Structures are given as structure tokens and as C-alpha cells.
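Asker: Just the structure for this:
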Amino acid sequence: MRALFIALLALASATPAAAQDGRAALERYGCASCHVVPGVRVSRRQSCVGCHERVVGAQRSGLGRAPRVEHYLHVPDLRHVTRRLREDYLVSYLQNPHDVRPRMEETMPRLPVTEADARLIVGFLRERAGEVEVPRSPAPSRSNVAAGRASFERAGCMTCHELGNLDFGVHLPPVALRRIGDAAFEAPNLRFVRDRMTPDVALAWIRDPRRLDPNTEMPHPQLSDEESLLIRDFLFLVEPGRPVSAPRTVNASALEPLGRPVRYAEVRRLFDRSCIHCHAHTDGQANATFGFAPSSLDLSSPDGVRAGVTLPDGTHRSVITPDDSGLPPLVWRLMRRHEEAARDVNGVLADPLAPAMAPPSDAPPGMPLGLPPLASEEIRLLYAWALQGAPD
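Answerer: Okay, here's the model as predicted:
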């Protein structure tokens, strides 16, 4: 009895420490800069999404000339995410994200999250969300797949959702989906239900989403228990169509710089899209926000680019001189994003059907983080400018 008491006491005393470590990990990777995170508040000025919302508000007001914002206006609310998504999936996703929402160009950025930190983050979110008990349910049955598809179509689920490459004949344009609501445009690809949820949780979610997450934008499906079970089994067991090959990436070995002089004003227009958000601070604090080692890269001026970067170990490196890859580092990181696109940028009915959970890559993340890769002509422009010495 005394040993049991000591063990329980140790567990109780460890819980606050674990919660503190989880909160520290969330802050280290800047999760609350985009997401609503339980117990972690940032000012709207410090929030990426909050800043974007302010800009869009200025656009709609018609007052003055405001920059345009298209990405990272809406991101998942994390307050109850652990009630519906499996912990092993969340730990894997934080280390190696993939395209869950096929109509959105942006995806979860690839941050240097370690497995240990991923577990701390998920543990913190689980502790904050609490648990909701869901009823046990029968194992998914293949005998329900055909009837489940009929119920899925009758309920209109395919209006918002994709399911791999199955074509249900409903192809609403993005503007029509946005009129329904942002949730319709941002609806996830249901091919991943079997990776993201347990069968019991999936069934409870279909029956009443708000029971698991009171903040969800998913509407109540108004389905009978029988229809909910049929749809659950359909989602878990249907073959999601034939894989679609990812678009051919730009071949680094065949990349040729533009054959003309390029001035900074031309490349600055590319940098202004998103790069400047992090790489216009010579103290490196913007980079450190997302878990990366501080970098002195400054793209806000030709002098800043020519100065290169000072690495954490104090060594200096040029970003415009070709390295062992044969490309300037500035260009190589843009090419790297093309390699990631096969996992990160999958459009409607263009799912390569790759595994949802995969080991993370050791390679540095491609740029721009979380956004579609630059077009080859844009990279050729930057390539030429770098080889010309990054002129003013």
C-alpha cells in the first residue's frame, strides 16, 4: 500500500512538470501564432492568422491600399483535437505533415519538431481537452460498404469532402463552397479517417460532432444510428480510387538561370509574398519562433542577401554562392519545396494515396514554408540574380 501511495504521489507531482514542458514546446514552435491553443494566448498582433485577418478586413473596407492575403486565414482549432484524432497520428503529423485539406493551397509548415516534443505537445493538448467517453461499436464490416456509400451520397457529404480519388460527380467551384462557409472549403479528405480516428470515435463524430468538439464548424449530420454506422464502415473500408501520380517536379540538374540581367526589384516581389515575414530580421528572432535555430538571413535588401547567414556555431555561409549541391543555398531550398510538394500539395481528385504516417526527412525544409512551391520560371529568375552576385 505504501509503495502504491508513493507511486501515485510521484505521478501527481510529475503531471504539472509534464504540462509545463508541453506548454514550453508549444511556445517553442509557435503553435499559438496560428492555432487556437488551450491555455496559451497571444496578442492578435503576434498571431499570423490574426494579422492576416486584419489585412483582409482592410481589403474589405476599401480604405487605402492594403496588401493582399490569400493563405493562413483559417486553421484548425486545437482546443479539443485530441478528443477525436489518434495520438499516434498527431505525433507523426507534427513531425511529418501531409496535405489533409485538398482545396487549400497552404498546409501545416514543416517545423523541426522532435518526437519527444511532439509527444509533449500532444500530452499537453490531451490534458487540457479532457476526455469524452464514446460508446463501443461493432468493428467495421465490408458488408456495409455499398449501403454506406449510398447513405454518404444521400446525406450530401461529398458536397464538402473528398475521399481519395473517388468521383461522386459533385464539383462545386471554390467560390461556391466559400459561400456555404469556410468549413466547406476547408473540409478534410476523408481518406484519412482510418488513419486519424479510431472506429469508435469516428462513429461518435458522425452521430454528433459537437459532443466531441463544441467548437467544431462541422454541422450536425442529422443521421440515424444505422446510417451513421453504414457511413463509418464505408469510410474505413472503401477503396479510395486509383492513385494519381504527383506532378513532375522541377529537375535541379536541368535548372538553368535566366539568360539576362536581373535586378533586386524583380526578386523582391517574390520575397514579399511570404519570405520577408521571417527573413527580414537580422537578429533571427522570427526564425527562432518556429523552432529553428536563429538565422541572420535578411532578404529585405541586396546587402542583407549578400551578407549571407551566420550559423549557430558562428560560421558564415553565403546563400548565393553554389555549394556542394551545385546550386546556391537560396535556390536549393526553393527546389527542395518541389520535392515536398508530392506529399504537401495534393489537389481535388489528385491524391497519390501515399501513407498518412511516414518517417520525417532529415533534409532541411523547403521554402516557402507550408506554401506551394515557386514556379520554375520564378526560381530561374532568382537563380540568375544569385549567380550575378545579387545586384541592387
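Asker: Could you measure from residue 197 over to residue 230?
Answerer: 16 Å (Cβ to Cβ, to the nearest Å). Where you see a C-beta, it was placed from the backbone N, CA and C, and this is true even at glycine.
Asker: Revised request: answer the last question for residue 375.
Answerer: Taking Cβ to Cβ, one finds residue 375 at 44 Å from residue 230.
Asker: between the two, who's got more neighbours?
Answerer: Using other Cβ atoms under 10 Å as the criterion, residue 375 and residue 230 rank with residue 230 on top: 23 against 12.
Asker: right, and that one touches residue 148 too?
Answerer: Yes. Using Cβ atoms under 8 Å, residue 230 is in contact with residue 148, at 4.0 Å.
Asker: Low-confidence ranges, the protein, go.
Answerer: The model of the chain has pLDDT under 70 over residues 1-15, 43-47, 49-67, 281-288.
Asker: tell me the domain boundaries of it?
Answerer: Per automatic domain parsing, the domain ranges recorded for the chain read 15-83+96-129, 142-237, 252-387.
Asker: Of all those domains, which one comes closest to residue 89?
Answerer: Residue 89 sits nearest to domain 142-237 of all the domains of the chain, at 5.2 Å, using Cβ to Cβ.
Asker: Pull up the distance across that closest one, start to finish.
Answerer: 6 Å (Cα to Cα, to the nearest Å).
Asker: Kindly report the same for stretch 349-365.
Answerer: 26 Å.
Asker: Go ahead and name everything in contact with that stretch.
Answerer: The contact list for stretch 349-365, computed with Cβ atoms under 8 Å, 6 or more residues apart in numbering, reads 88-89, 92-93, 95-96, 98, 102, 109-112, 162, 164-165, 167, 189, 191-192, 195-196, 240-246, 333, 336-337, 340, 342-343, 346.
Asker: repeat that with 6 Å
Answerer: The contact list for stretch 349-365 (Cβ atoms under 6 Å, 6 or more residues apart in numbering) reads 92, 95, 96, 110, 164, 165, 192, 195, 243, 244, 246.
Asker: Which one of those residues is nearest to residue 72?
Answerer: So of the contacts of stretch 349-365, ranked by how close each gets to residue 72 (Cβ to Cβ), first place is residue 110, at 14.6 Å.
Asker: name the element the closest one belongs to?
Answerer: Secondary structure assignment for residue 110, by DSSP states H and E: no helix or strand.
Asker: Run a quick neighbour tally on it.
Answerer: 23.
Asker: where exactly do the helices run in the stretch 51-200 of the chain?
Answerer: For the stretch 51-200 of the chain, applying DSSP state H, counting those that start in this stretch gives helices covering 81-84, 87-95, 115-129, 145-154, 174-180, 182-185, 193-196, 199-207.
Asker: just checking, what packs against the first one?
Answerer: Right, helix 81-84. Packing partners of helix 81-84 (3 or more Cβ pairs under 6 Å, 6 or more residues apart in numbering; DSSP states H and E): helix 115-129.
Asker: Would you indicate which residues of the helix it packs on are buried?
Answerer: Using 16 or more other Cβ atoms under 10 Å as the test for burial, helix 115-129 gives 117-129.
Asker: want to try a markdown table for these, with distance to residue 27 as columns?
Answerer: A markdown table is the format used below for the buried residues of helix 115-129 (distance: Cβ to Cβ, whole Å):
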| residue | distance to residue 27 |
| --- | --- |
| 117 | 11 |
| 118 | 15 |
| 119 | 16 |
| 120 | 11 |
| 121 | 10 |
| 122 | 15 |
| 123 | 15 |
| 124 | 10 |
| 125 | 13 |
| 126 | 17 |
| 127 | 16 |
| 128 | 14 |
| 129 | 18 |
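Asker: Now list the buried members of the contacts of stretch 349-365.
Answerer: 92, 95, 96, 110, 164, 165, 192, 195, 246.
Asker: sorry, back to before: which of the buried residues of helix 115-129 lies closest to residue 292?
Answerer: Closest to residue 292, out of all of the buried residues of helix 115-129 and judged by Cβ to Cβ, is residue 117, at 13.2 Å.
Asker: Residue 332 contacts residue 325, correct?
Answerer: Yes. Counting by Cβ atoms under 6 Å, residue 325 is a contact partner of residue 332 at 4.9 Å.
Asker: Out of those two, name the residue with the larger neighbour count.
Answerer: Set side by side, residue 332 and residue 325 give different neighbour counts by other Cβ under 10 Å, the larger being at residue 332 (20 against 12).
Asker: From start to finish, how long is stretch 206-219 in a straight line?
Answerer: End residues of stretch 206-219 are separated by 10 Å (Cα to Cα).
Asker: Same check on stretch 298-315?
Answerer: 16 Å.
Asker: mind putting the helices of the stretch 51-200 of the chain in TSV, distance to residue 26 included?
Answerer: Putting these into TSV (distance: least, Cβ to Cβ, whole Å) gives the following:
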stretch	distance to residue 26
helix 81-84	12
helix 87-95	11
helix 115-129	6
helix 145-154	36
helix 174-180	30
helix 182-185	24
helix 193-196	20
helix 199-207	23
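Asker: which residue packs closest to residue 298, ignoring adjacent ones?
Answerer: In space, and not counting its chain neighbours, residue 298 is closest to residue 304: 3.0 Å by Cβ to Cβ, 6 or more residues apart in numbering.
Asker: Can you name the helix or strand that the one you found falls in?
Answerer: Going by DSSP H and E, residue 304 is part of helix 302-306.
Asker: This completes my enquiry, with thanks.
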